[in-house]
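> turn this into a structure:
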Amino acid sequence: MRITTRGRYALRATLALSLLGKEGKPVPVSDLSEYEDISPVFLEQIFFRLRKAGIVDSVRGANGGFYFARPPESLTARTILLAAGEDLGDAPCDKHALSCDRADCCPSHRVWVDLNTLMNNYLESLTLTSILDRRTAAP
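Sure thing, here's the model as predicted:
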């Protein structure tokens, strides 16, 4: 599993939206961009994907911006990453099993499949709220 810059920024931006968007008020891209030091153009592209996935919604105009379409406590890191277009699918060797002449006898195949399952389960267990709570907890 490889998380791209887009995926990392999507998670950062949604966490920033959780912090800045108190009481469901829309947060302008410019505020999110400044808070996270991410290009506003890139954030617009990310939020377009998140809006298409039903994670955020937006309001246009002077008091416009993005807000969550669903409660942050119900949104997981995995949901955000998938909506951003990350490939959290099977292990690379599993994707090529049909063309791999070692697929039936490869002793490491199960390691990669199991690792992929563990990572996806972990990302699914992390809600935006729980990530922010961990930030304020003692190390």
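> output the lowest mean pLDDT helix or strand found in the protein.
Confidence across the helices and strands of the chain bottoms out at helix 92-95, with a mean of 60, counting by mean pLDDT, DSSP states H and E.
> what residues sit buried inside the one helix or strand residue 119 maps to?
Using DSSP states H and E, residue 119 falls within helix 109-125. Judged by neighbour count (16 or more other C-beta atoms under 10 Å), helix 109-125 contains these buried residues: 109, 112, 116, 120, 123. To be clear about C-beta, it is placed using only N, CA and C from the backbone, and glycine gets the same treatment.
> for residue 127, grab phi and psi.
Backbone geometry at residue 127, expressed as degrees, to the nearest 10, gives phi -90, psi 160.
> got any ranges where the chain has weak pLDDT?
Along the chain, segments meeting pLDDT under 70 span 1, 90-101, 103, 137-139.
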